[in-house]
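A.B. asks: please find the sequence and the predicted model below.
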Amino acid sequence: MGRRQIDSEPTRWVSLILLLMGVFSCSLVYMFMSVILRPNQDNKFSSISEAEYVENDGGCCRGIDKFELWGAAVKWGTDFKFNSSIECCDACKAMCNGKGGPCLCDSWVFCGNPQACGSKFGECWLKKQNDPLAPDKQQAGDDTIWTSGLVFGKGEGIVKMKTQYGTLHIKLLPECAPHSVMYILELLTMRHCAGCHFYRAESRGQSWDSKGNHLESASFGPPFAIIQGTLEAEGITFKKLPTEECPIIQRGSVAWIDSGPEFFISLANHQEWKNAYTVFGYVLPEDMEIAEKIATLATIPDVWNNINVSVLEKPVPLSVSRVNKPSK
């Protein structure tokens, strides 16, 4: 601010000049504070909420063909019809938008083959499961005319990936990767995830900042800012999963390598990878420090397919389990 005049009769020009100086000074202060207090748009993912991540999932709304889920109907398909499974899925999501109200729909069933469905063609049944992490499966196979999918609302569909360094809470994305999520739900039925572990760990290095943003003029690796492992558990026959594309890799994304069971958790935003990997979940932001800790463990350099990688000296065992089911 301009210094205030205390002369008893200041001249008109002096007053005008001082007034302009005052306005200019106040403007500078305002612009400075705006820059300091403005949220950093580049750091969006670091504080992104569960709902915001799902809104940025690339518009995913998929199900599994030739698969029927049971459950209590909240919309009867005989009176509720659409032309595509995506529309049916979107209708379920609309009843589970996480905007303060309860999630009224967590599963959907659609009949989309005109020849096989006959008069049932277009039927969209919206349902509510007793336990979203253990959905009631009616039937599956070539004789099944239905396509079914899950929708996890806010606070639902979260599983724990426990390690000796802490527990990672992972939000599953069944709308984007329904086959992948069904495999994770199968793991939840196992008492142990014997054989599951992390075996590769690479930090953000000098290429990404602490929020996962790529630094200008920096390389894209190595290191590649990931921790990598396998979810092939003893006692479960792993079948290669189909590619299910939707979100790009962001800090916290959990994705398969090829068709699994190898997977990775990203410590950075990897837009350069585009949709090369199936993202089936993401680590809740508050748990990313655990992933970062694993990335600092001692490693041994190795070369895979002419790519320099860092392999953990001691693999880190992990287990997958559900968050305690709330009492009814």
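C.D. replies: The structure has been received and is ready for your questions.

A.B. asks: is it true that Pro247 touches Ala177?
C.D. replies: No - using C-beta atoms under 8 Å, Pro247 makes no contact with Ala177, being 9.5 Å away. Placement of C-beta: from N, CA and C, glycine included.

A.B. asks: mutual contacts of the two, please.
C.D. replies: Cys60, Val279 (C-beta atoms under 8 Å, 6 or more residues apart in numbering).

A.B. asks: where do the helices sit along this structure?
C.D. replies: Along the chain, the stretches classed as helices by DSSP state H are 12-37, 50-55, 85-94, 114-117, 178-187, 288-295.

A.B. asks: show the average pLDDT along the last one.
C.D. replies: Which is helix 288-295. The pLDDT scores in helix 288-295 average 98.

A.B. asks: do the second one as well
C.D. replies: Helix 50-55 shows a mean pLDDT of 48.

A.B. asks: go on, stretch 236-254?
C.D. replies: Rounded mean pLDDT across stretch 236-254 is 91.

A.B. asks: stretch 120-136 too?
C.D. replies: On average, stretch 120-136 scores 96.

A.B. asks: first-to-last residue distance for that stretch?
C.D. replies: Taking C-alpha to C-alpha, to the nearest Å, stretch 120-136 runs 21 Å from one end to the other.

A.B. asks: related to what we said a few turns ago, of Pro247 and Ala177, who's got more company?
C.D. replies: Ala177 (29 against 23; other C-beta atoms under 10 Å).

A.B. asks: now the strands for the stretch 201-328 of the chain?
C.D. replies: 226-230, 253-256, 262-266, 279-283, 299-304, 307-317, 319-322 (DSSP state E, counting those that start in this stretch).

A.B. asks: sheet partners, orientation included, of the second one?
C.D. replies: Strand 253-256 pairs in its sheet with strand 262-266 (antiparallel), strand 279-283 (antiparallel), by DSSP bridges.

A.B. asks: and the pLDDT at the spatially most central residue of the chain?
C.D. replies: Of all residues in the chain, the one closest to the mean position by C-alpha atoms, centre = their mean is Tyr282, 3.5 Å from it. Listed pLDDT for Tyr282 reads 97.
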